[in-house]
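# missing the sequence, but the structure's below:
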Ligand SMILES: Cc1ncc(C[n+]2csc(CCOP(=O)(O)OP(=O)(O)O)c2C)c(N)n1
Ligand SMILES: [Mg+2]
């Protein structure tokens, strides 16, 4: 029995749902990758293939009223917080039916109704916002907590340090989740940070810090469960560092000269989806066939999202000046 | 994007065609070979070669001590550049996107710009901050801005906006040599444009506008990518019998007022066009300068300004284009001026 074994006792529907979510994230980003490679989409994008367990595991432990702030690498967070992939894909196509009416694109998808306060094009830009959302919850006693996703690179922005300290001294209900995928755009975390774990910085702000295997859904969920309980009970913020890896390049064009193909392979061998799926099969929770069905159906769902996006209208030029007050 | 039809006066017989990005790299490399105190710091400028490939290959030549790959910490790297400049080095910061200048702004506006003056003329801050700006790549609201008016407003900062490869090379050399902090904008859409650039090192002094096209009917003062749009508009307007003069100030601070004033005295009509939001944009400064100058008496039409609409840059490509002035808008403004509508 490891600490994470509680998860296998969860109802089958929940376990399958989590598997489905991870596949949905995977297929969504694989599809987007294909479109960018073909030059079918404008702008740039940042894919989270290989990081599905941290997005899904973290959001799985939240309630509907809870909020998140996301990053430029945010498709996974968005799906895990309940977004509709149709409207996400439509946004990437710049269509009127997209989450931002075609005005935001990949880096700015927000799904406020579901508590996703938005992806962010500014590294570290969302961290103080999460603290502010937590402040609202505390001042108005709304009972929700906020999860702030950010990368290892963002942990070197001043905004991180200022915001974590503020949340700490005010005991705000916010959980900082650092998805350490080993690199910024190209900067290796081992060269950019002098300590072993970014979570070790928590002690500098007087809050708890935890390191977790970000490719293990059960481990992520276990550490999150504990953090949610702590934070929801008014003890203040927690910093979690999920160690993971992005399989793809940083963005649209990346020759990946800063890392080796061997390293990539080592991490691909730790595929978070396969890891979880195999465990479900091994424990007799689902059959091989059921697993195949999940994989196929989620893929088909993304194809339908593409159709939805393609059939959606372009925003009218009349909307250009809408939604800005000043 | 085509490079300008009329190239800068610096063309030599030896000039070959290279891209804007290569011209910037060449200026940096030549300066670094010549002066050990020149070094570069910025995000992903090492093996990655920078977000736009400008420093590609430089870490191989100069090593990681002088091509310093930094963490994602704009305030710290800008401030560290300023501090090292104050103490004798000649740092060049590469700020990955000019939108992130907001994060470095305290160090630029309250420190770099003011140190020498506040210290009563003691000390210099010979640093350059190079940064890609502008829209047109689908990068949306936080990666597409043109914020040059912000820095041009601060006494103590020089501001450069080259539009061609050869200008970029000569102006960057001047910027590095300058004892004052210089903000050097590189428009993203210009990086791949080619132009004739002499191989040897040369300087284009800061504060010298360039007449990119001579004309007699209307003056268009344009910056960065708008220089190319203005030239394209000028070609088309020539077919309508309107003879356009295109002036590229090249540096906003210091601004070569005389070249602009002389041109307006000649044509009697002027349009100022930039990609930045029109409201509060630097075009307003240029327009007022003209109105306050001796050119006022020569004006046959109101000074016109073209700039972006007052909205964040949208993602959708059609909306993105509609936000900033296009060739047709420039042509229409020129016709309106010439026909006094
Ligand atoms: C303030 C700021 N600086 C730099 C960038 C350019 N940039 C975008 S993503 C990125 C790397 C971010 O690394 P990390 O926080 O580890 O997130 P990851 O991309 O690995 O998910 C950089 C440098 C930016 N968008 N914003
Ligand atoms: Mg990272």
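Structure's in. What do you need? Note that this is a predicted model, so its numbers are computed, not measured. Ligands and ions are numbered 1, 2, ... in the order given.
# quick check: closest non-adjacent residue to the residue in the stretch 101-250 of chain B positioned nearest to ligand 1.
Using Cβ to the nearest ligand atom, residue B:103 is the residue of the stretch 101-250 of chain B that sits closest to ligand 1, at 5.6 Å. C-beta: built from backbone N, CA, C; applies to glycine. Nearest residue to residue B:103 in three dimensions, chain neighbours excluded: residue B:74, at 4.0 Å (Cβ to Cβ, 6 or more residues apart in numbering or on different chains).
# correct me, but the residue of the stretch 101-250 of chain B closest to ligand 1 touches residue A:157?
Yes: if you go by Cβ atoms under 8 Å, residue B:103 and residue A:157 touch, sitting 7.5 Å apart.
# what residues do the two have in common as contacts?
Shared contacts of residue B:103 and residue A:157 (Cβ atoms under 8 Å, 6 or more residues apart in numbering or on different chains): residue B:74.
# can you give the distance from stretch B:199-214 to the centre of its chain?
Stretch B:199-214 has its C-alpha centroid displaced from the chain centroid by 12 Å (Cα atoms, centre = their mean, to the nearest Å).
# mean confidence score for it?
Averaging pLDDT along stretch B:199-214 yields 98.
# same check on stretch B:59-75?
The average of the pLDDT scores along stretch B:59-75 is 98.
# ok, stretch A:196-208 next?
For stretch A:196-208, mean pLDDT is 98.
# so is that stretch next to ligand 2?
No: using Cβ under 5 Å from the ion, stretch A:196-208 never reaches ligand 2; the gap is at least 10.1 Å.
# what sits up against that stretch?
Residues from elsewhere that reach stretch A:196-208 (Cβ under 8 Å, 6+ apart): A:152, A:155, A:164-165, A:167-168, A:178, A:180, A:189, A:195, A:209-211, A:227, A:230, A:236-241.
# which of those are buried? Put it as a PyMOL command.
To isolate the buried members of these in PyMOL, using 16 or more other Cβ atoms under 10 Å in any protein chain shown:
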select buried, chain A and resi 152+155+164+165+167+168+178+180+189+209+210+211+227+230+236+237+238+239+240+241
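# from the contacts of stretch A:196-208, list the ones also adjacent to ligand 1.
Contacts with ligand 1 within the contacts of stretch A:196-208, as defined by Cβ under 6 Å from any ligand atom: residue A:152.
# low-confidence ranges in the chain?
Going with chain A. Scanning chain A with the threshold set as pLDDT under 70 gives A:1.
# actually it's chain B I care about, not the one you picked
Low-confidence segments of chain B (pLDDT under 70): B:1-14, B:341.
# spell out which residues of it are next to ligand 1.
So chain B meets ligand 1 at B:43, B:72, B:74, B:96, B:100, B:103 (Cβ under 6 Å from any ligand atom).
# after the one helix or strand the last one maps to, next one along is what?
The secondary structure element spanning residue B:103 is helix B:101-105 (assigned by DSSP states H and E). Per DSSP H and E, the first helix or strand lying C-terminal to helix B:101-105 is helix B:115-118.
# out of the contacts of stretch A:196-208, which sit inside helices?
Using DSSP state H, the members of the contacts of stretch A:196-208 that fall in helices are A:164-165, A:167-168, A:189, A:227, A:230.
# could you look up the SS state of the residue of chain B found nearest ligand 2?
Residue nearest to ligand 2 within chain B (Cβ to the ion): residue B:72, separated by 9.2 Å. Assigned with DSSP: H, G, I helix; E, B strand; the rest coil, residue B:72 falls in the coil class.
# which residue sits closest to it, ignoring its sequence neighbours?
Nearest residue to residue B:72 in three dimensions, chain neighbours excluded: residue A:153, at 4.4 Å (Cβ to Cβ, 6+ apart).
# please apply the same query to residue B:108.
Leaving out its chain neighbours, the residue that sits closest to residue B:108 by Cβ to Cβ, 6+ apart is residue B:78, at 6.3 Å.
# again, but for residue B:296
Residue B:296 sits nearest to residue B:290 (Cβ to Cβ, 6+ apart), 7.3 Å away.
# how about residue 272, what does it touch?
Here I'm looking at chain A. Shown in contact with residue A:272 (Cβ under 8 Å, 6+ apart): A:22, A:50-53, A:214-217, A:244.
# try chain B instead
B:220-222, B:283, B:286-287, B:303-306.
# try it again at 7 Å.
Taking Cβ atoms under 7 Å, 6 or more residues apart in numbering or on different chains, we find residue B:272 in contact with B:221, B:283, B:286-287, B:303, B:305.
# then residue A:320?
By Cβ under 7 Å, 6+ apart, the residues touching residue A:320 are B:309, B:311, B:314, B:319, B:322-323.
# now do 10 Å
Shown in contact with residue A:320 (Cβ atoms under 10 Å, 6 or more residues apart in numbering or on different chains): A:103, B:309, B:311, B:314, B:316, B:318-320, B:322-323.
# in helices only, show me those.
Residues of the contacts of residue A:320 located in helices (DSSP H): B:318-320, B:322-323.
# who wins for neighbours among the residues you listed?
Within these, most neighbours by other Cβ atoms under 10 Å in any protein chain shown means residue B:320, with 25 neighbours.
# from memory that one sits against residue A:317, does it?
No: contact criterion Cβ atoms under 10 Å: residue B:320 and residue A:317 do not qualify, at 11.2 Å.
# my read: residue A:20 touches residue A:298, true?
Yes: look at residue A:20 against residue A:298 with Cβ under 10 Å: they come within range, at 5.7 Å.
# more crowded one of the two?
The neighbour comparison of residue A:20 against residue A:298 (other Cβ under 10 Å) goes to residue A:298, with 20 against 17.
# run a quick neighbour tally on residue A:10.
By the criterion of other Cβ under 10 Å, residue A:10 has 15 neighbours.
# would you map the strands across chain B?
With DSSP state E as the criterion, chain B has strands at B:16-19, B:38-42, B:67-69, B:90-94, B:128-133, B:158-160, B:182-187, B:194-197, B:210-213, B:218-222, B:244-248, B:251-253, B:270-277, B:304-308.
# mind giving me the packing neighbours of the helix holding residue B:103?
Secondary-structure packing of helix B:101-105 (3 or more Cβ pairs under 10 Å, 6 or more residues apart in numbering or on different chains; DSSP states H and E): helix B:74-86, strand B:128-133, helix B:148-152.
# list the contacts of the residue of the stretch 101-250 of chain A at minimum distance from ligand 1.
For the stretch 101-250 of chain A and ligand 1, the shortest gap (Cβ to the nearest ligand atom) falls at residue A:151, measuring 2.3 Å. Residue A:151 is in contact with A:46, A:51, A:71-73, A:123-124, A:157, A:178-185, A:189, A:198, A:246, B:72, counting by Cβ under 10 Å, 6+ apart.
# for the spatially most central residue of chain A, give me its contacts.
The residue lying closest to the centre of chain A (Cα atoms, centre = their mean) is residue A:77, at 3.1 Å. Residues in contact with residue A:77 (Cβ under 10 Å, 6+ apart) are A:25, A:48, A:51, A:54-56, A:58-59, A:68-71, A:83, A:109, A:111, A:116, A:118-119, A:147, A:149, A:177, A:179.
# follow-up on the earlier one: just give me the neighbour total for the residue nearest to residue B:296.
Around residue B:290 there are 24 other residues, counting by other Cβ under 10 Å.
# and it, how close does it get to ligand 1?
The gap separating residue B:290 from ligand 1 is 37 Å, by Cβ to the nearest ligand atom, to the nearest Å.
# residue numbers of the stretch 51-200 of chain A in contact with ligand 1?
Selection of the stretch 51-200 of chain A residues close to ligand 1 by Cβ under 6 Å from any ligand atom yields A:72-73, A:121-123, A:151-154, A:181, A:183-185.
# adding mean neighbour count, write the helices and strands packed on helix B:101-105 out as a markdown table.
Output for the helices and strands packed on helix B:101-105, formatted as a markdown table (neighbours: other Cβ atoms under 10 Å in any protein chain shown):
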| stretch | mean neighbour count |
| --- | --- |
| helix B:74-86 | 22 |
| strand B:128-133 | 26 |
| helix B:148-152 | 23 |
